[in-house]
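S.K.: can't give you the sequence, but here's the structure:
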């Protein structure tokens, strides 16, 4: 995500002190903390709703997993692993291939 170093944080604090002023800085900091808590709560609520609507197989869904590249990579890997398992079982004479994705959901 975002990678701030110590010098950058100090620079931002000094800039905030200049722009906001030392008198209003505590109030602005508390308002910023409240806003961050509210955004985090909204993110958790949205993720829970997405998990609920997607159904089984998505219980371990995280907001980072919703990145399209990560999402597609995860499911393509899952399908490839299933295909490999199917090939291994096909060679041994038993076929117990069970797809993880419900076709009705597609």
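M.R.: Here it is on my side, so go on. Computed from a prediction, not measured in an experiment: that's the story for all the values here.
S.K.: burial count for residue 46?
M.R.: 12 (other C-beta atoms under 10 Å). C-beta here means a position set from N, CA and C on the backbone, and glycine is covered the same way.
S.K.: distance of it relative to residue 33?
M.R.: 21 Å (C-beta to C-beta, to the nearest Å).
S.K.: residue 45 now?
M.R.: 19 Å.
S.K.: show me where the protein has strands.
M.R.: Using DSSP state E, the chain contains no strands.
S.K.: domain ranges for the chain, per the record?
M.R.: 1-58, 67-106 (automatic domain parsing).
S.K.: now these in JSON lines, with mean pLDDT?
M.R.: Conversion of those to JSON lines gives the following (pLDDT from 0 to 100):
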{"stretch": "domain 1-58", "mean pLDDT": "86"}
{"stretch": "domain 67-106", "mean pLDDT": "72"}
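S.K.: could you pull out the helices for the chain?
M.R.: In the chain, helices defined by DSSP state H lie at 6-20, 25-54, 68-92, listed in chain order.
S.K.: who touches the first one?
M.R.: Defining contact as C-beta atoms under 8 Å, 6 or more residues apart in numbering, one finds that helix 6-20 is touched by 4, 25, 28.
S.K.: could I get the helices of the chain as TSV with distance to residue 60?
M.R.: Below are these laid out as TSV (distance: least, C-beta to C-beta, whole Å):
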stretch	distance to residue 60
helix 6-20	33
helix 25-54	9
helix 68-92	10
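S.K.: can you tell me which of those comes nearest to residue 61?
M.R.: helix 25-54 (5.0 Å; C-beta to C-beta).
S.K.: from the contact counts, what lies against the closest one?
M.R.: helix 6-20 (3 or more C-beta pairs under 8 Å, 6 or more residues apart in numbering; DSSP states H and E).
S.K.: name the residues of the helix it packs on that come out as buried.
M.R.: residue 16 (16 or more other C-beta atoms under 10 Å).
S.K.: great, nothing more from me.
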